[in-house]
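K.L.:
Predicted model and sequence follow; I will ask about them next.
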Amino acid sequence: MITSHLRDDIRYITIDRTSKANAITANMLDEMIEIAGVSNENKALIITGSGKVFSAGADLDEVKKKDLATSPKWELLSDTIHRLPCVTIAAINGTVAGGAMGMVLACDIRISVPEAYFFYPVVKLGYLPQPSDALRLSKICGSSRAKFILLAGQKLTCKTAYEFGLVDEIVAGNNILSRIDELCLGISNSKKSQISAIKEMIP
């Protein structure tokens with residue numbers, strides 16, 4: 001359900017559960033935390049999904065049985081990604097919903113296909129967002145737009161997400177992995193110490 005491979009010092013993580021719109025279970029969260037935790041030795045970490053959806057967020061069956069929606073594992077995953085000294089890129093192959101927004105917000109760079117939608121419907125579902133998610137969303141988009149997304153529960157098109165600063169670049173679906181490879185080519189030629197130093201310079 002979570003696949004990972006290493007190529008030229010670039011770590012790729014794929015959420016691979018297309019039959020459930022890449023909905024994430026507690027075990028999948030554990031796998032992602034573990035993989036992200038060892039990615040500090042790599043130059044870049046790429047996170048993407050299989051099929052036409054990045055992730056629908058928490059698996060609804062586990063939300064009902066295990067309170068997955070409020071699990072501290074979401075915060076641990078996003079914090080682990082955020083603290084990595086390597087370049088972190090979300091290759092958003094489709095819609096991002098709920099808790100999956102946290103890992104996207106934690107990445108340094110977000111590249112998306114034009115068909116993707118972005119929404120975090122915590123108000124409609126009766127939950128609070130993870131603390132760092134609200135802070136990062138506000139930092140990226142501004143406080144008013146963060147409230148528009150979280151308090152008003154608005155679903156953003158990719159175009160609007162780009163205008164809000166949530167998406168850095170929009171790339172056609174059949175070109176997104178090629179674009180990621182292009183970005184990684186430059187990263188592969190850099191020194192790990194250089195990458196981490198630049199990240200520390202940017203608040």
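P.N.:
That came through fine. Predicted, not measured: the structure shown is a model, and the values here were computed from it.
K.L.:
from here on, contacts and neighbour counts on C-alpha atoms
P.N.:
Fine.
K.L.:
Secondary structure element for residue 46, which one?
P.N.:
strand 44-49 (DSSP states H and E).
K.L.:
what's the following helix or strand after that strand?
P.N.:
strand 53-55.
K.L.:
distance between the ends of stretch 53-66?
P.N.:
24 Å (Cα to Cα, to the nearest Å).
K.L.:
Flag every buried residue along that stretch.
P.N.:
Within stretch 53-66, the residues that count as buried by 16 or more other Cα atoms under 10 Å are 53, 54, 55, 56, 57, 58, 59, 60.
K.L.:
Please name the residues that touch the second one.
P.N.:
Right, the one you point to is residue 54. By Cα atoms under 8 Å, 6 or more residues apart in numbering, residue 54 lies in contact with 15, 21, 22, 48, 92, 93, 94, 95, 96.
K.L.:
For those, could you give me TSV that also reports neighbour count and distance to residue 73?
P.N.:
Listed next are those as TSV, based on neighbours: other Cα atoms under 10 Å; distance: Cα to Cα, whole Å:
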residue	neighbour count	distance to residue 73
15	23	16
21	21	20
22	26	17
48	23	19
92	30	21
93	27	23
94	25	23
95	26	21
96	25	18
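K.L.:
Specify which member of these is nearest to residue 150.
P.N.:
Set against residue 150, the nearest of these by Cα to Cα is residue 96 (14.0 Å).
K.L.:
ok, then the element right after the one helix or strand in the chain whose mean pLDDT sits lowest?
P.N.:
When the helices and strands of the chain are scored by mean pLDDT, DSSP states H and E, helix 60-66 comes last with a mean of 83. Once the chain leaves helix 60-66, the next helix or strand it forms, by DSSP H and E, is helix 72-83.
K.L.:
Please list the outside residues in contact with that following helix.
P.N.:
So helix 72-83 is contacted by 26, 29-30, 32-33, 36-37, 88, 99, 102-103, 105-108, 130-132 (Cα under 8 Å, 6+ apart).
K.L.:
can you pull the contacts of residue 119?
P.N.:
Here residue 119 is in contact with 96, 97, 98, 101, 149, 153, 154, 155, 156 (Cα under 8 Å, 6+ apart).
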